[in-house]
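S.K.: below are the sequence and a predicted model; questions follow.
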Amino acid sequence: MKLRYDDSVEEFRVELLDWLAANRPTPEEMAADPSVSTGHAPGWARRWTRAMFDAGWLVPGWPPELGGRSAGPIETLVYLEELAKARIRTTNVQGLGIVAPSIIDYGRPDQVADYAMPILHGEATACLGMSEPDAGSDLASLKTRAVLEGDAETGQWVIDGQKVWTSGANYADFCFLFCRTEPDQPSTRASRSCWCRCRRRGSRCGRCPRSSTPTSPTSTRCSSTRCGCRPPTWSASGATGGPWPTARWPTSAAWCG
């Protein structure tokens, strides 16, 4: 017995291969301007992301308005298989694979438009501000604080704390930042995610020197400190007192792919 995909799946594969042959970045183009960090998207990578979005190949399982074509799981498997065979380098994996989906699932329409869509269009990159010096990736042990000054409509979140191992923060446009909003509440009821511009006043970012290796002398893992950083109120997700699923979802995405 020889197992094979349905004819419709093979037609999907042929359509993808034809499109890749006509539109993919060349190995020479990728080698001439390589991505040096998960938060760094060279010009070819930004153009490639936008081309995939416009053609419905960025995330095939998503609807067309989000860069897909409403494909099923088998078609998505074939898509990933063929991209791997083509050896097309992936850039901004955290932004495209974790941050943008989180915003789409939990953000308001204006947040999706302002933050998720630029990532999907190849116009912006994002990093993940999760790990801390004393917490690792343990969300329940977060110490970075976010305090709301004013009301939820017109006030601002004031963020204080430090993140480490923030891959790509020195290149990313913004950070998907995990904070504690209510220190007197259980940790699972007091964690919130927000979006903070990496070069916003009050933010400071530098490489972690001990993460350099002989084969990678320039570290792209960063330590970022935010003292009095004030992202707009509307860049926070999850209602105060109950945002734990919003903060926890990216962790599941990161570990489960």
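M.R.: In hand now; what should we look at?
S.K.: where exactly do the helices run in the stretch 1-150 of the chain?
M.R.: Along the stretch 1-150 of the chain, counting by DSSP state H, counting those that start in this stretch, helices occupy 7-23, 27-32, 43-55, 73-86, 93-94, 100-106, 109-111, 117-120.
S.K.: would you turn those helices into CSV with mean pLDDT and distance to Phe176?
M.R.: No exception for glycine: its C-beta is placed from N, CA and C like everyone else's. Listed next are the helices of the stretch 1-150 of the chain as CSV, based on pLDDT from 0 to 100; distance: least, C-beta to C-beta, whole Å:
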stretch, mean pLDDT, distance to Phe176
helix 7-23, 97, 29
helix 27-32, 93, 26
helix 43-55, 96, 18
helix 73-86, 95, 23
helix 93-94, 87, 8
helix 100-106, 87, 7
helix 109-111, 86, 11
helix 117-120, 96, 10
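S.K.: compare the ones you listed and give me the one nearest Ser167.
M.R.: Closest to Ser167 of the helices of the stretch 1-150 of the chain, according to C-beta to C-beta: helix 93-94, at 7.0 Å.
S.K.: low-confidence ranges, the stretch 151-257 of the chain, go.
M.R.: 152-155, 186-257 (pLDDT under 70).
S.K.: and the helices of the stretch 1-150 of the chain: which comes nearest Pro133?
M.R.: Taking C-beta to C-beta, helix 93-94 is the member of the helices of the stretch 1-150 of the chain nearest to Pro133, at 20.1 Å.
S.K.: for the closest one, packing partners?
M.R.: Secondary-structure packing of helix 93-94 (3 or more C-beta pairs under 8 Å, 6 or more residues apart in numbering; DSSP states H and E): strand 126-129.
S.K.: partners of the strand it packs on in the sheet?
M.R.: Its sheet considered, strand 126-129 pairs with strand 174-180 (parallel) by DSSP bridges.
S.K.: if we can go back for a sec, make CSV from the helices of the stretch 1-150 of the chain and add mean neighbour count to it.
M.R.: Conversion of the helices of the stretch 1-150 of the chain to CSV gives the following (neighbours: other C-beta atoms under 10 Å):
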stretch, mean neighbour count
helix 7-23, 13
helix 27-32, 12
helix 43-55, 18
helix 73-86, 14
helix 93-94, 20
helix 100-106, 21
helix 109-111, 12
helix 117-120, 22
